[in-house]
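Q: only geometry, no sequence info:
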């Protein structure tokens, strides 16, 4: 590998980690894509690339090479994003006189309908928790609240006690862009929250506790890490659904889908989800229509 190119790639990846907070997985994916570009360049031209001599005409054949390999759109997007980000960074660092990847377009992401659980799967999910311990009571309260309110994980773990009004059956949420909204919560969620809060004092009394007024605390009495919430929900979903997607966000999808299936108007659902526009919520109407079509095809004699 050309030393200048190698140094440029390493500095770029370091910036991705330290300045942009990219995950180790993303950094390794970017590293692999950039090395793949280098290997392609060397195989085509027989020389190591001079980073400042690379032209758009050098990048286009590489994109064709990736297409010819039959990669998925997702894989193509990641590899192209790595190359575009690298040369954009190099240009901003004044390592190159112009950005040869500026005119390269990224393939549009494949639109997938959101996964959701059936009503029976929700019942099985909630029944799978053991509410007899503080941790177990917390876990079922988390699952019930996610399904009852459609909260994002980031909103759930930052939820302060004073924004939870169980008497009124509402929760005040600080969402994206610091937009505040009020969301109703159902009776099952309130029951689970009351049971958890009755045991919550055990977590706040731990020597390691730093509750900071948050509703949900870790087993050490601190603000919960999002990865812990993901792990709790994923483990609970494993035995109850065959869907490959198992995460707290599936409960948010399920919240929206079940409301729309049962007659809620899309504007109200959009407001409860904290969406900035109806277009973000309309994907759930596609889910409902798809289910209706499946039922029609299965049941109608002349379908």
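A: Thanks, I have it. All values derive from a computational prediction rather than experimental measurement.
Q: output the below-cut-off pLDDT ranges for the chain.
A: 1-3, 107-111, 287, 289-292, 295-296, 300, 302-303 (pLDDT under 70).
Q: show the backbone phi and psi for the residue most central in space within it.
A: Nearest to the geometric centre of the chain sits residue 249, at 7.2 Å (CA atoms, centre = their mean). In this entry, residue 249 is assigned phi and psi values of phi -70, psi -30 (degrees, to the nearest 10).
Q: can you check residue 209 too?
A: Main-chain torsions, residue 209, degrees, to the nearest 10: phi -70, psi 140.
Q: again with residue 164
A: phi -100, psi 110.
Q: and it, what is it in contact with?
A: Residue 164 is in contact with 171-172, 193, 215, counting by CB atoms under 8 Å, 6 or more residues apart in numbering. The C-beta positions use only the backbone N, C-alpha and C, and glycine is treated the same way.
Q: against residue 172, how distant is it?
A: 8 Å (CB to CB, to the nearest Å).
Q: which members of the contacts of residue 164 occur in strands, if any?
A: 171-172 (DSSP state E).
Q: next, the residue nearest to residue 195 when sequence neighbours are not counted: secondary structure please.
A: Leaving out its chain neighbours, the residue that sits closest to residue 195 by CB to CB, 6 or more residues apart in numbering is residue 137, at 5.1 Å. Recorded secondary structure, residue 137: helix (DSSP: H, G, I helix; E, B strand; the rest coil).
Q: quick check: residue 137 touching residue 193?
A: No. Between residue 137 and residue 193 there is no contact under CB atoms under 8 Å: 9.3 Å.
Q: how many neighbours does residue 133 have?
A: Residue neighbour count, defined by other CB atoms under 10 Å, stands at 12 for residue 133.
Q: show the contacting residues for it.
A: So residue 133 contacts residue 199 (CB under 8 Å, 6+ apart).
Q: quick check: phi and psi on it?
A: phi -110, psi 160.
Q: for residue 242, see how far away residue 266 is.
A: Counting by CB to CB - residue 266 and residue 242 are separated by 29 Å.
Q: of those two, who's got more company?
A: Here residue 266 and residue 242 are compared on neighbour count by other CB under 10 Å; more neighbours surround residue 266, at 16 against 7.
Q: that one and residue 278 touch, don't they?
A: Yes. Here residue 266 lies in contact with residue 278, judged by CB under 8 Å, at a distance of 6.2 Å.
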